[in-house]
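Trainee: just need the structure, nothing else, for what follows:
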Amino acid sequence: MALSFRQSEILDIARAEGRVMVEDLARRFDVTLQTIRRDLTELADSGLLDRVHGGAVLRTGVANIGYEERRRMNDGAKAAIARACAAAIPENCSLILNLGTTTEAVARELMAHRNITVITNNMNVANILVANPSCEVIVAGGALRRSDGGLVGELTTQFFEQFKVDIAVIGASALDQDGDLLDFDLAEVRVSKAIIRQARRTYLVADHSKLGRSAQARLASLAEVDRLFTDKALPPDLARRCAEWGTEVSVAAPG
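Mentor: Model (predicted):
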């Protein structure tokens, strides 16, 4: 399919933000809603996007988006989420930070925290926090995944089972309408499940692009999360479920 200029722009926006909405695009390009819906349908038919209610998301199939591309996506939203999450983390506590570009953003916001212990299977998080002299950094063992600096596998799972921490800060590749946290890598999922078990409180950091994305492995439910930090309000049905589960939702809009 030969893309029009507008369709190419729409695809670029989807790559940068993970999700596009019909009404937003209509205002941006000053065209009708029907025109945008037709563009999204053609992009979906070409295998480039997946249609969701009110818009479309970047099609990822059974593989995640490249790590460097994920790091650039929604960086303003991730920074706002990270600031809110770090503000909820007290000094003099123990933490686990797992894999993900948003947990890396949280690590950057912990640079002024004093007397904290951070246990991580994310080499990028360790490299960030090594510059905080008041932070003890403990790095998990396991098989190094060169694509993102993550340590995964059975050894990593066993490592985390030796600890009990105050707070776990976790990310996820996708969050569906049922409130399930999803990921692409079963080995990573097993590690994250162990992390949740070994934490007194669990914080999920996830920007709005994770809603509507698809991944094949279930990590947990929002019912198992104490607090969700995100950048946009949840859909009403999911917000109602979080209230029923006792899952606090903190919305940190980008500055």
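Trainee: for residue 117, give its distance to residue 83.
Mentor: Distance from residue 117 to residue 83, counting by Cβ to Cβ, to the nearest Å: 21 Å. All C-beta spots, glycine's among them, are computed from the backbone N, C-alpha and C.
Trainee: name whatever forms a beta bridge with the nearest residue to residue 168 once chain neighbours are set aside.
Mentor: With Cβ to Cβ, 6 or more residues apart in numbering as the criterion, residue 168 has its nearest non-adjacent residue at 3.4 Å, and that residue is residue 199. Under DSSP bridges, the beta-bridge partners of residue 199 are residue 165.
Trainee: so what's residue 199 up against?
Mentor: 96, 164, 165, 166, 167, 168 (Cβ atoms under 8 Å, 6 or more residues apart in numbering).
Trainee: check the third one and give its pLDDT.
Mentor: Predicted confidence (pLDDT) at residue 165: the value is 98.
Trainee: that one touches residue 97, doesn't it?
Mentor: No: using Cβ atoms under 8 Å, residue 165 makes no contact with residue 97, being 10.1 Å away.
Trainee: can you give me the strands in the stretch 101-250 of the chain?
Mentor: 116-120, 135-139, 143-145, 150-152, 165-170, 174-175, 180-183, 199-205, 217-221, 227-230, 248-251 (DSSP state E, counting those that start in this stretch).
Trainee: distance to residue 105 for the ones you listed - can I get that in a markdown table?
Mentor: Supplementary listing: these in a markdown table, determined by distance: least, Cβ to Cβ, whole Å:
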| stretch | distance to residue 105 |
| --- | --- |
| strand 116-120 | 14 |
| strand 135-139 | 16 |
| strand 143-145 | 19 |
| strand 150-152 | 16 |
| strand 165-170 | 10 |
| strand 174-175 | 17 |
| strand 180-183 | 18 |
| strand 199-205 | 8 |
| strand 217-221 | 19 |
| strand 227-230 | 11 |
| strand 248-251 | 15 |
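Trainee: can you flag the weakest of the ones you listed by average pLDDT?
Mentor: Looking at the strands of the stretch 101-250 of the chain, the bottom one is strand 143-145 with a mean of 84.
Trainee: mind giving me the packing neighbours of that one?
Mentor: Counting by 3 or more Cβ pairs under 8 Å, 6 or more residues apart in numbering; DSSP states H and E, the packing neighbours recorded for strand 143-145 are strand 150-152.
Trainee: who's in contact with the strand it packs on?
Mentor: With Cβ under 8 Å, 6+ apart as the test, strand 150-152 has contacts from 99, 121-123, 139-145, 185, 187-188, 191.
Trainee: again, only this time at 10 Å
Mentor: Under the criterion Cβ atoms under 10 Å, 6 or more residues apart in numbering, residues 67, 98-100, 120-126, 139-145, 156, 159, 185-192 lie in contact with strand 150-152.
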